[in-house]
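# can you look at this prediction? I've put the sequence above it.
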Amino acid sequence: MNGVLVIDKPPGWTSHDVVAKIRNVTRIKKVGHTGTLDPFATGVLPLTLGRATRLTNYFLSTDKVYRGVIRFGFATTTFDIDGDPLSEDTHPVLDSRRLEEVFQKYLGLVKQTVPAYSAKKIRGRPMYSYARKGIKVQAGTKEVHIKALTLIRVEGSEVEFELVCAAGTYARSLAHDMGRDYGCGAHLIRLRRTRSGEFPIDSALPLSEGAEFHSREFFLSRIIPMRALLTEIPAVVITEADKTKVVHGMDLNLLTSAWEADEYRLLDPSGEIIGLGQRLQTFVSPVAQPAHWVRVHPRIIFV
């Protein structure tokens, strides 16, 4: 079976726990996830299955949407609710106008503090491996792209927000850094991913334990087939001869009206996806206006 299974990750599970569970239940050997969620977080976790695992890095790079709650008053070692407090609780009285000013600072390209408990590698080892042993390493910063950040509600010392961001953004770093800027410290206490790329929370399947856990047939019947993926990318139907060229990684000259696109889905006559191709060059077609010939290089091959 090849395609994507969209899971609503429950709290307490790691992303790898979900992968292992689905691999065991479905008996599909190749299963990958498309963006780590921290154990306390919940929400959309798309899994790639079979040949679709070749799209894992593609889906990793898509935008994400989160809904969460920040607790102001003290920071923690992990920047979230699972960490140890770094100070006493200051019990701040939050000002909505001042919070809005802080939120505005974190729109666009911003530098984030990298959490000590993160998978970023220092000298070949993830940072969390040092942190768990009490070894301090320079956290540093990374640049991320925050596309929207909305303050939804303020209740006591807790602030609910919605975040739209590019891949690689740490929501808990956002909480930590905003708490620092506000002057009282803060940490993330709740996070739910409501969208990952083209996959919304409405399409996600909840997991449960024990007798209530779904059967293999249930999950197999809900796999999104590969022909239904990446529909925002223009499709070009290719011949059997061109399919052979794709398999061997050869460039193709294809006639298409979507000549300005950067990449294309390459489909066989039955509509099955053969691969993804990257446009190399465009040629004017004198016989099929307004279509053009494009030279395409197979970037990801599924057969």
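Received, thanks.

# from residue 71, how far off is the nearest residue to residue 165 once chain neighbours are set aside?
In this structure, residue 165 finds its nearest non-sequential neighbour in residue 146, 5.0 Å apart by CB to CB, 6 or more residues apart in numbering. Every C-beta, even on glycine, is put in place using the N, C-alpha and C of the backbone. Relative to residue 71, residue 146 is positioned 20 Å away (criterion: CB to CB, to the nearest Å).

# now swap in residue 253 and tell me
For residue 253, the distance to residue 71 equals 58 Å [CB to CB].

# counting neighbours, go ahead and name the busier of these two.
Using other CB atoms under 10 Å as the criterion, residue 253 and residue 71 rank with residue 71 on top: 22 against 13.

# can you tell me the element that one falls in?
Taking DSSP states H and E as the criterion, residue 71 maps to strand 64-72.

# output the contacting helices and strands for the helix or strand following that strand.
If you walk from strand 64-72 toward the C-terminus, the next helix or strand you reach (DSSP H and E) is helix 96-104. Contacts defined by 3 or more CB pairs under 8 Å, 6 or more residues apart in numbering; DSSP states H and E place helix 96-104 against strand 141-155, helix 171-182.

# hey, which of those is tucked in deepest?
The highest average neighbour count among the helices and strands packed on helix 96-104, using mean count of other CB atoms under 10 Å, belongs to helix 171-182 at a mean of 23.

# which SSE is immediately downstream of it?
Scanning forward in sequence from helix 171-182 by DSSP H and E, the next helix or strand is strand 186-196.

# now that following strand against helix 171-182, angle please.
Here strand 186-196 runs at 140 degrees with respect to helix 171-182, directions being taken by axes from the mean of the first three to the mean of the last three CA atoms, to 10 degrees.

# tell me what strand 186-196 is packed against?
With contacts taken as 3+ CB pairs under 8 Å, 6+ apart, strand 186-196 sits against strand 42-49, strand 64-72, helix 171-182.

# buried stuff in stretch 90-102?
When burial is assessed from 16 or more other CB atoms under 10 Å, stretch 90-102 yields the following buried residues: 92, 94, 99, 102.

# export it as PDB, just CAs?
This file holds the C-alpha atoms of stretch 90-102, laid out as PDB (Å, rounded to 0.1, in the frame of the first residue of the first chain):
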ATOM      1  CA  THR A  90       6.100  35.900  39.100                       C
ATOM      2  CA  HIS A  91       2.300  35.700  38.600                       C
ATOM      3  CA  PRO A  92       2.200  38.500  36.100                       C
ATOM      4  CA  VAL A  93      -0.800  40.600  35.300                       C
ATOM      5  CA  LEU A  94      -0.800  40.500  31.500                       C
ATOM      6  CA  ASP A  95      -1.600  43.500  29.400                       C
ATOM      7  CA  SER A  96      -3.200  42.700  26.100                       C
ATOM      8  CA  ARG A  97      -1.900  45.700  24.300                       C
ATOM      9  CA  ARG A  98       1.700  45.000  25.300                       C
ATOM     10  CA  LEU A  99       1.300  41.400  24.400                       C
ATOM     11  CA  GLU A 100       0.100  42.400  20.900                       C
ATOM     12  CA  GLU A 101       3.300  44.500  20.600                       C
ATOM     13  CA  VAL A 102       5.400  41.500  21.500                       C
END
